[in-house]
Every structure is written in C-alpha cells, then in structure tokens.
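Peer 1: Quick check, what structure comes out for this input:
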Amino acid sequence: MSAPETAGGAGSPLRAVIETIVRALVDQPDAVTVTESVRRGVSVLELRTAPGDMGKIIGRQGRTATALRTLLAVTAERHGTRAQLDIKD
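Peer 2: Numbers count the residues shown, from 1 in each chain. Next up is the predicted model:
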C-alpha cells in the first residue's frame, strides 16, 4: 500500500470503514473523499468533505472525530497495522 489510493478505486478495509460511516453522517455524501497513504509504516487517511458538512464530522467538542479515530484504530489493529485520520478542510 505504498501508493496513495483515491476514493474511486478499490480501497483498504480502513478506508471502507471511514467512508461508510462519514457518508452516512453528512448531507452531501458524494463530496466525501478519503485518500490513503503510508508514512513511516502508518496508514494515513485524509478525509475531505463539503465545507458545510465539516461540523457534522467534527461534532460537539470533537466527539464525532474522536469516535471516528477510535473506530479506525480498532480496525487497523484487527488488520495488524496502525492508522491515523487527518480531517482536512
């Protein structure tokens, strides 16, 4: 998984988990993109949404973002790897 993957291609289970959950939360699911790359042995997922949906992803006091990061960490652990979620504006 050394090459970055885009939202249109077949993705990893990590990317699938984040995409599925985020698309269910936002008003514009077609605007959701998750790009995956590997840095220093850690899968880094970059999440981008429509500007109006950013608040739904972050949640009150960051609770939704924290929950997404926790789910990603659990999924990564089950697949024997480490992962990090970056939410981009």
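Peer 1: quick check: mean pLDDT across stretch 38-52?
Peer 2: The pLDDT scores in stretch 38-52 average 95.
Peer 1: Centre-most residue in the chain?
Peer 2: Within the chain, one residue has its C-alpha closest to the average C-alpha position: by C-alpha atoms, centre = their mean, that is Ile18, at 4.2 Å.
Peer 1: Could you report the neighbour count for the spatially closest residue to it that is not a sequence neighbour?
Peer 2: Nearest non-adjacent residue to Ile18, counting by C-beta to C-beta, 6 or more residues apart in numbering: Val34, 5.3 Å away. C-betas here are computed from N, CA, C, even on glycine. For Val34, the count of nearby residues is 23 (other C-beta atoms under 10 Å).
Peer 1: In terms of helices and strands, where is Val34?
Peer 2: With secondary structure defined by DSSP states H and E, Val34 is part of strand 33-39.
Peer 1: Follow the chain on from that strand and name the next helix or strand.
Peer 2: Taking DSSP H and E as the definition, the helix or strand that follows strand 33-39 towards the C-terminus is strand 42-48.
Peer 1: Next, the buried residues of the helix or strand following that next one.
Peer 2: On the C-terminal side of strand 42-48, the nearest following helix or strand under DSSP H and E is helix 54-58. When burial is assessed from 16 or more other C-beta atoms under 10 Å, helix 54-58 yields the following buried residues: Ile57.
Peer 1: Likewise for stretch 76-89?
Peer 2: Buried positions in stretch 76-89, judged by neighbour count with 16+ other C-beta under 10 Å: Ala76, Thr81, Ala83, Leu85, Ile87.
Peer 1: Could you export these to JSON lines, including columns for secondary structure?
Peer 2: JSON lines is the format used below for the buried residues of stretch 76-89 (DSSP: H, G, I helix; E, B strand; the rest coil):
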{"residue": "Ala76", "secondary structure": "helix"}
{"residue": "Thr81", "secondary structure": "coil"}
{"residue": "Ala83", "secondary structure": "strand"}
{"residue": "Leu85", "secondary structure": "strand"}
{"residue": "Ile87", "secondary structure": "strand"}
